[in-house]
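Q: with the input below, show me the fold.
(2 chains)
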2 protein chains.
Amino acid sequence: MLPRGRPRALGAAALLLLLLLLGFFLLGGHLASFPCALPPRVPPDGRPRGAAACDPHPQADLGGHNRSDCVLPRPLPPKCELLHVAIVCAGHKTSRDVITLVKSLLFYRKNPLHLHLVTDAVARNILETLFHTWMVPAVRVSFYDADELKPQVSWIPNKHYSGLYGLMKLVLPGALPPDLARVIVLDTDVTFAADIAELWALFAHFSAPSCPPLPDEQVIGLVENQSDWYLGNLWRNHKPWPALGRGFNTGVILLWLDRLRQAGWKQMWKLTATQELLTLPATSLADQDIFNAVIKGHPALVRPLPCVWNVQLSDHTLAERCYLEAADIKAVHWNSPKKLRVKNKHVEFFRNLYLTFLEHDGNLLRRELFGCPSPRPPEAERLQQALAQLDEEDACFEFRQQQLTVHRVHITFLPHQPPPPRPHDVTLVAQLSMDRLQMLEALCRHWPGPMSLALYLTDAEAQQFLRFVEASEVLSARQDVAYHVVYREGPLYPINQIRNVALAQALTPYVFLTDIDFLPAYSLYDYLRASIEQLELGSGRKAALVVPAFETLHYQFSFPSSKADLLALLDAGSVHAFSLAPRPVRLRRHHEWPRGHTPTDYARWREAQAPYRVQWAVDYEPYVVVPRDCPRYDPRFVGFGWNKVAHVMELDAQEYEFLVLPEAFTIHLPHTPSLDISRFRSSTTYRGCLQALKDEFLQDLSRHYGAAALKYLTALQQP
Amino acid sequence: MLPRGRPRALGAAALLLLLLLLGFFLLGGHLASFPCALPPRVPPDGRPRGAAACDPHPQADLGGHNRSDCVLPRPLPPKCELLHVAIVCAGHKTSRDVITLVKSLLFYRKNPLHLHLVTDAVARNILETLFHTWMVPAVRVSFYDADELKPQVSWIPNKHYSGLYGLMKLVLPGALPPDLARVIVLDTDVTFAADIAELWALFAHFSAPSCPPLPDEQVIGLVENQSDWYLGNLWRNHKPWPALGRGFNTGVILLWLDRLRQAGWKQMWKLTATQELLTLPATSLADQDIFNAVIKGHPALVRPLPCVWNVQLSDHTLAERCYLEAADIKAVHWNSPKKLRVKNKHVEFFRNLYLTFLEHDGNLLRRELFGCPSPRPPEAERLQQALAQLDEEDACFEFRQQQLTVHRVHITFLPHQPPPPRPHDVTLVAQLSMDRLQMLEALCRHWPGPMSLALYLTDAEAQQFLRFVEASEVLSARQDVAYHVVYREGPLYPINQIRNVALAQALTPYVFLTDIDFLPAYSLYDYLRASIEQLELGSGRKAALVVPAFETLHYQFSFPSSKADLLALLDAGSVHAFSLAPRPVRLRRHHEWPRGHTPTDYARWREAQAPYRVQWAVDYEPYVVVPRDCPRYDPRFVGFGWNKVAHVMELDAQEYEFLVLPEAFTIHLPHTPSLDISRFRSSTTYRGCLQALKDEFLQDLSRHYGAAALKYLTALQQP
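A: Got it, this is the predicted structure:
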């Protein structure tokens, strides 16, 4: 049938096109609302309904006043067209918010995206790491320095909570690359509920420059403001900036950049702002006031967009008029400073939408776009090839896969103030997962110095963690603790990868490498700094300071306030040297290292008055203080076993001397074993795979350190 | 502008309609593929693209052979039209699977849905509870008894892994209500990635009976099978059932029920099956073989659907041909018995889609449909009213809200074999959350009898739990442990609501009400049954048998094998009567009840040879064995504190005698305090709210038991 149909189809298509044009003139621009019409009243959505392009049946969602606004279904951009999105983002909190926006974008998108992020140094640091480790196919990210843009807007007095950063949307046409023609600009408090390509498609509705009835071409797409703010009747003496009617909201903007540049946008908005500021003291709603003032003077610049693309949940919102009519909400805008706590009878609905993406596993968004060729960055390419080469039948397949997994990392998840630079300062470095959150308060009490903690969490757990910290006075008071979220993926605990994230983010010259279930002596932070200075580690002496480890098996335990106290508890048997406490067989921990701390020489430590040097021995894994540029942990050790041992071996191979500090100690608190451990408690496969990892590690060590590494092989072969 | 435009718009619309019809005849059905065309080759999706209805530009996703299949964008059903979906579901595993399907459906849907579930008793029990507690607005669920349908299909020999249940799709036209005209039938291994309304809209493309070129009307919408199975060339001597070309896949079916009934469907498929079974030994692919055989004989019955509505991930799938071309995948079908482990180079993409809904928080799907009036069931209505009356400024608002929260409940989440009825049998009843999973193996070793355990989990945690059980030999060997998932919602731990779920699902005449961090004596199960028999509890004696509780604070602990052993440990000080162990102030548990077990009279128990009666006293909260019909726990006690105390008070108010068993004991193991506890450790608001709950409970007790309850008030007022 196909050959028969084709010529007829072509002829008919031409005829239909002709008739459509005829229909367009008859309808005075109402049927086909593009390419040349004046902005009509916009129906709440552009969802195609009804059998024919023009639906003769009035429908519920096209409420009374919209019935004649019959529009053709909107076209979608071509399958692999690259869509550009610009977002201004600054600080720790906004960096978290923008991720939820991006997750909602990625969830529905089917096109390649290029994100243009205007950021301060904090946000850039966070988001660069995040996107680098997220490795979402067909997403490109460019950063623009917000500090460089500041002078262009800092002259504008502004009372809005978004501060200077809100105003930066005005300067995007100049800040973005000159060859970028069109961009969608989003506030960080927007959540998508539909494919952004549908929004991008609305650029096709902008009037073209050659259209006779229009003096200007349309350059800015905006949704009407969904409150009475600009009507100036919200309270007595409320004097808003000038706007067309209710004005427009700038949380979602379609910017036709090259047209804006040609139209002299920069001069236009500056002139308008300067004029208005002669009579108005400051902007109340940042860029939005200025956009509206410009539009008031040049109404033809604006292309009104369907309200569903910016459902505004401000206080006293009128958004209900939009979404009760519409078939479909496309994007929600939390434009009240109260955010999720805004009062609105439907807020539960919108909260659910927001929480959906807040807690959505971002790893699941690493979906490729079928049929859109998108070259991966070289590291992603190498990773794919390595993963493809794994043998799924290999007994250690899970280990191999886990080692190769690149975890999404969100550094400084919570507000963080880096410590002032001090030559002998030391950061406590540790990692944890959800089941050890309870340790944090105690740790904060025991260690008054800077900490870099990596948390292995799901997206949902990261939110629980956030609430946990906010609910804790002790934790929320500390600005010198940096929390880095490493997102969970895969069945095995990637302990050394997590540790390396915490280690890489330590900002002091020295680090104390410890585990989360140990509490340091109250004096340890001061004592370590003094020891570093005394031992002159700064002047090139290569040493690892050993902090002796103890443990208690009792819940009833008062932490010793001094070495003398500790010795008394040791003598009373309520504290033991770590891993040397007697354990009955059935409750013994699986990967127990009777030799893990023996070389520290606890007998000598009891009496020691000065630091003393000890020699490496098999299975030695002390807690140490080392310079920040020490070797990283070997990421091949996933799951449990040998992860610290290998690190200490490498310190020894690099000729660090191990110096035990006579007044330092740290104590392990009892806890329920983690699920990750119990999973493998009795697996022989697990032990076999661990042995394979060890062997490979030792081979690499030999390769790297040559004959010097022979001693490890020899030592390990001894019974 | 509106009044001016309207008359013109109407005239033009009429003209356009005329011209569309003209276009239709010119195109011979190719432009507008409905209402009367023969099935053309279907493009992979129906996504509206291009400015005009008929896109003259060839696009990537409409691959070469499809370019002339220009279709009008599909209409969507009217905003609030009710869509009907039928699913056959049997057993524990399939009941879990169907929930993931339903979650994906609900995520994208914008219409009210009526689910027609054909279930066995197990699935009905699970899904009835689930939907009743899920309370999703605008979703109606009807159940149909699969057992009643069995005789209609059990005569067909079938080799497919879906068994008899797969075949039941054939009898749906007879089984569903006679006034139900159209339904979408889905396999439980389908995941949606688009709004099902778009699929429903394809009914509009079915040819109508009055169309002259067709002998029959189209009655069944199906996607082509995406493998070469029906071509019969997969292996030597492979003899599939007859089909048109590659045949069709029945994982997603549009059934036009009333047309099917009129066309004599029942006779048609039976006749075809009977005839084919003369030469073929059995169906290989269940209903799908028979559907295809019928269609082979009556090709005009079928309306081919776009391939994106049933992307089949079977072994050796050809689905790539579909999804690499399409802009959009609408529904994925895991139609290999390997499910997520199927080999496919894009399986990671599809897995991510599946995991998205598997782990999606189902509570977030309780979204209302704006603008669609959908009367709530009375209990949901009452709940809404009660929630609306809460005062958000009330200091105990979180408590009030949590008490009212109805948690989604998935009973018997894992396969479960109810215990055979025995007159003195007793079920261990307890609740737990993720941080106590490690207790399960030990508990299974200590309690060889039936258990009913409620787990308070998120959707994602429920999957972790599933993997945990599957990885444990001890746990997966037990069929008499019923696990019920209560889905997390809200900030406070609804401990008594969770306990009530476990209690309600106990199937033996007696229950042992305990906590998850206690391990019972190895002999306890046998001893309790013997005691129940001896004490003649069956003959109406109203008693609560007390199991004395002990605790150890040590990790190094060998569980006593007898009462004598236990007494020795008590004397050695390594075990204490519960909550009476000495604790230093800083590690003391917050809600400690020194009086919680005192009335049990541990001194007397040491010597006791026979059960002895003890009297209720303030704060008594022993672990007890009671008949299954005992009072429920009071759900107002959320968070921690007084939850068991109130229950024991109510047992006393109902005149249960407390009988301490001389050989029974249970021991509390040490563990890290749960996050839920630590959250409130130091909150005075929390303690204030708990006091308010207590007062209200006592008032209700007085109201219910009258003067008899006075003693509790008096006792509590004593210092």
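
Q: I'd assumed A:Tyr705 was in a strand, is it?
A: No: secondary structure of A:Tyr705 (DSSP: H, G, I helix; E, B strand; the rest coil): helix, not part of a strand.

Q: look up how far chain B lies from it.
A: Relative to chain B, A:Tyr705 is positioned 38 Å away (Cβ to the nearest Cβ, to the nearest Å). Every residue, glycine included, has its C-beta placed from N, CA and C.

Q: and that residue, what does it touch?
A: A:Ala653 (Cβ atoms under 8 Å, 6 or more residues apart in numbering or on different chains).

Q: sec struct for the nearest residue to A:Met168 once chain neighbours are set aside, please.
A: Spatial nearest neighbour of A:Met168, excluding adjacent residues (Cβ to Cβ, 6 or more residues apart in numbering or on different chains): A:Val88 at 4.8 Å. Under three-state DSSP, the three-state class of A:Val88 is strand.

Q: count the residues that sit near A:Val88.
A: 30 (other Cβ atoms under 10 Å in any protein chain shown).

Q: can you tell me which residues in the stretch 401-550 of chain A are near chain B?
A: With the criterion set to Cβ under 8 Å from any Cβ of the partner chain, the stretch 401-550 of chain A comes near chain B through A:Met434, A:Asp435, A:Leu437, A:Gln438, A:Thr458, A:Ala460, A:Gln464, A:Phe468, A:Ala471, A:Pro491.

Q: what remains of those residues if I keep only buried residues?
A: A:Met434, A:Asp435, A:Leu437, A:Gln438, A:Thr458, A:Ala460, A:Gln464, A:Phe468, A:Pro491 (16 or more other Cβ atoms under 10 Å in any protein chain shown).

Q: what about the last one, is that helix, strand or coil?
A: With three-state DSSP as the basis, the three-state label of A:Pro491 is coil.

Q: doesn't A:Gln402 make contact with it?
A: Yes: applying Cβ atoms under 8 Å, one finds A:Pro491 in contact with A:Gln402, separated by 7.0 Å.

Q: got a pLDDT number for A:Gln438?
A: A:Gln438 carries a pLDDT value of 87.

Q: make sure A:Lys694 is indeed in a helix.
A: Yes: residue state for A:Lys694 (three-state DSSP) corresponds to a helix.

Q: identify the bridge partners of the closest residue in space to A:Ile516 that isn't next to it in sequence.
A: With Cβ to Cβ, 6+ apart as the criterion, A:Ile516 has its nearest non-adjacent residue at 4.0 Å, and that residue is A:Leu432. For A:Leu432, the beta-bridge partners are A:Leu455 (DSSP bridges).

Q: my guess is A:Leu432 contacts A:Gln438. True?
A: No: in this structure, A:Leu432 is not within contact of A:Gln438 by Cβ under 8 Å, at 10.0 Å.

Q: give me the common contacts of the two.
A: By Cβ under 8 Å, 6+ apart, no residue touches both A:Leu432 and A:Gln438.

Q: just to revisit the earlier point, wait, isn't the residue nearest to A:Met168 in contact with A:Leu164?
A: No: using Cβ under 8 Å, A:Val88 makes no contact with A:Leu164, being 9.7 Å away.
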